[in-house]
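**Q** Here is a sequence with its predicted model. Questions after.
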Amino acid sequence: MAKRSAPEVNAGSMADIAFLLLIFFLVTTTIPKDSGINRKLPPIEENDEDVNIKEKNIFTVLLNGKDQLLVEDELMEIKDLRSAAVKFLDNGGDGSCDYCKGARDPKSSDNPDKAIISLKNERETSYKAYISVQNELVAAYNQLRNRRALEIGPKRGFPDMDYIAMEKAYDDPKFTGNKDKLKAVITQIKEEIPQKLSEVK
Amino acid sequence: MSKFKSKKDNSLPAVNTASLPDIVFMLLFFFMVVTVMREDTLMIENRLPNADQVEKLDKKYPISYIYAGKPSKGYEKFGDVARVQLNDKFADITEIQSFINAERTAIREELRDKLTVSLKVDREANMGIVGDIKLELRKASAFKINYTTATGDALSNFD
């Protein structure tokens, strides 16, 4: 029997096939980019006890159906909300908060632990306005936490790290520093400037 | 005249394309690996609002998605007010509780408390529907929520 060699397969079109597949995957790819504002909903409680909170410790933010912002009964633009919230949280009226740099106005909040931001919206409020307001309020907290982190960070061995960087480093598996110490700093800042944001129905 | 001079030195040699398939395959494998196929077909408009104080949604823990928005083109028969979409179909607000419970049973027991609900709500929707969803989630005791947003300047939402 004569031994016939098998003819070589032409691989010239392989590139075309691969290109075709490549373009398919290019088009269908959605790189996941999910990020957002985390919130914790309050559980439904049967007995609504009235808690006594002083009026001056509450920062009321009302967003009406026409997306107008009413802060402490005064009309305000969203871009001014962040500084107003920082001013309220940072006030330190009763002097117990030694890291506050606010005006110590006795008519505003006592300390960041007591200060509560109350957010109220109406059914007609648009979602984008609501998110903008939430974003600005979170930004106010983050601004204060960042400032605090830059104050106490260097003493605890984490220089040049603001609060956001600390949280990021804590979640980063490649972080080489002492995670327990970092956790302690983060917890301390969280306790000193807690996010007390309540939503009114 | 040098004797090393070749006869046809003025014609450029053709570029060797033999490694082109390899390069393309490399790219192909990259995209195949990073591709996440969309799980749900969206039947609503879903332009997320911008925010910049965002945290990454941790993929370590289970996430359920609730979409809301105005029915998109081709689904006008469902009206022009914002509606809730669960999985692949429109749903009523009251179905959220059973949806969450179904999602819970599908995940491992130790992770059930860690379930985060990602709310993907269209920027033009109003807070009425979001409030209703939140109330249902509280009833279903799914307290961890995430307002999923696009990253960008929050003040640009009004442009």
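**A** Alright, I've got the coordinates. Residues are numbered from 1 along each chain as shown, chains lettered A, B, ... in the order given.

**Q** Give the burial count for residue A:83, as a bare number.
**A** The tally of other residues near residue A:83 (other Cβ atoms under 10 Å in any protein chain shown) stands at 12. In this view, the C-beta of every residue, glycine as well, is placed from N, C-alpha and C.

**Q** Grab the nearest non-local neighbour of it.
**A** Spatial nearest neighbour of residue A:83, excluding adjacent residues (Cβ to Cβ, 6 or more residues apart in numbering or on different chains): residue A:140 at 8.0 Å.

**Q** Averaged pLDDT, stretch A:29-44. What do you get?
**A** Mean pLDDT, stretch A:29-44: 79.

**Q** got it, and stretch A:149-161?
**A** 81.

**Q** Next, the distance between the ends of it.
**A** Counting by Cα to Cα, to the nearest Å, you get 7 Å between the two ends of stretch A:149-161.

**Q** Okay, helices next: where are they in chain B?
**A** Assigned by DSSP state H, chain B shows helices spanning B:20-34, B:95-106, B:127-139.

**Q** just chain A next, same as before
**A** In chain A, the helices defined using DSSP H lie at A:14-28, A:81-89, A:127-152, A:163-171, A:179-192.

**Q** which residues touch residue A:40?
**A** B:143-145 (Cβ atoms under 8 Å, 6 or more residues apart in numbering or on different chains).

**Q** next one: residue A:141
**A** Residues in contact with residue A:141 (Cβ under 8 Å, 6+ apart) are A:89, A:193, A:195.

**Q** try it again with 7 Å
**A** Each residue near residue A:141 by Cβ atoms under 7 Å, 6 or more residues apart in numbering or on different chains is listed here: A:193, A:195.

**Q** for the helices of chain B, which one ends up most surrounded?
**A** Per residue and on average, the most neighbours among the helices of chain B fall to helix B:127-139, with a mean of 18 (mean count of other Cβ atoms under 10 Å in any protein chain shown).

**Q** per-residue confidence averaged over that helix?
**A** For helix B:127-139, the mean pLDDT works out to 87.

**Q** What are the contacting residues of that helix?
**A** Residues outside helix B:127-139 that contact it (Cβ under 7 Å, 6+ apart): A:41, A:43-44, A:121-125, A:127, A:130, B:66, B:68, B:82, B:84, B:93, B:96-97, B:100, B:117, B:119, B:121, B:145.

**Q** next one: it to chain centre, how far?
**A** Mean-position distance between helix B:127-139 and its chain equals 21 Å (Cα atoms, centre = their mean, to the nearest Å).

**Q** Number of residues surrounding the residue nearest to residue A:83?
**A** For residue A:140, the count of nearby residues is 26 (other Cβ under 10 Å).

**Q** just checking, it touches residue A:87?
**A** No: the pair residue A:140 / residue A:87 is not scored as a contact, 9.0 Å apart, by Cβ atoms under 7 Å.

**Q** for chain A, where's the lowest mean pLDDT among helices and strands?
**A** Here the helix or strand of chain A ranked lowest by mean pLDDT, DSSP states H and E is strand A:197-200, holding a mean of 80.

**Q** list the contacts for the residue nearest to residue B:20 when sequence neighbours are not counted?
**A** Excluding its sequence neighbours, the residue lying closest to residue B:20 (Cβ to Cβ, 6+ apart) is residue A:15, at 5.1 Å. By Cβ under 7 Å, 6+ apart, the contact set of residue A:15 is B:20-21, B:24.

**Q** can we see that at 10 Å?
**A** Taking Cβ atoms under 10 Å, 6 or more residues apart in numbering or on different chains as the criterion, residue A:15 is in contact with A:22, B:17-25.

**Q** coming back round to it: between residue A:140 and residue A:87, which contacts overlap?
**A** Common neighbours of residue A:140 and residue A:87, using Cβ under 10 Å, 6+ apart, are residue A:59.

**Q** So, low pLDDT: which residues of chain B?
**A** Low-confidence segments of chain B (pLDDT under 70): B:1-9, B:37-39, B:159.

**Q** need the strands for it, in chain order.
**A** Taking DSSP state E as the test, the strands found in chain B are B:50-51, B:55-56, B:63-69, B:83-86, B:89-91, B:116-121, B:144-151.

**Q** Looks like residue A:80 contacts residue A:69 (just checking).
**A** Yes: with contact defined as Cβ atoms under 10 Å, residue A:80 and residue A:69 form a contacting pair (8.8 Å).

**Q** follow-up on the earlier one: would you list the strands of chain B in TSV and tack on distance to residue B:12 and mean neighbour count?
**A** Compiled in TSV, the strands of chain B are given as follows (distance: least, Cβ to Cβ, whole Å; neighbours: other Cβ atoms under 10 Å in any protein chain shown):
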stretch	distance to residue B:12	mean neighbour count
strand B:50-51	51	24
strand B:55-56	51	14
strand B:63-69	56	22
strand B:83-86	58	22
strand B:89-91	60	14
strand B:116-121	55	22
strand B:144-151	48	21
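
**Q** which one of the helices of chain B lies closest to residue B:61?
**A** Evaluated with Cβ to Cβ, the helices of chain B place helix B:95-106 nearest to residue B:61, the distance being 12.3 Å.

**Q** Great, nothing more from me.
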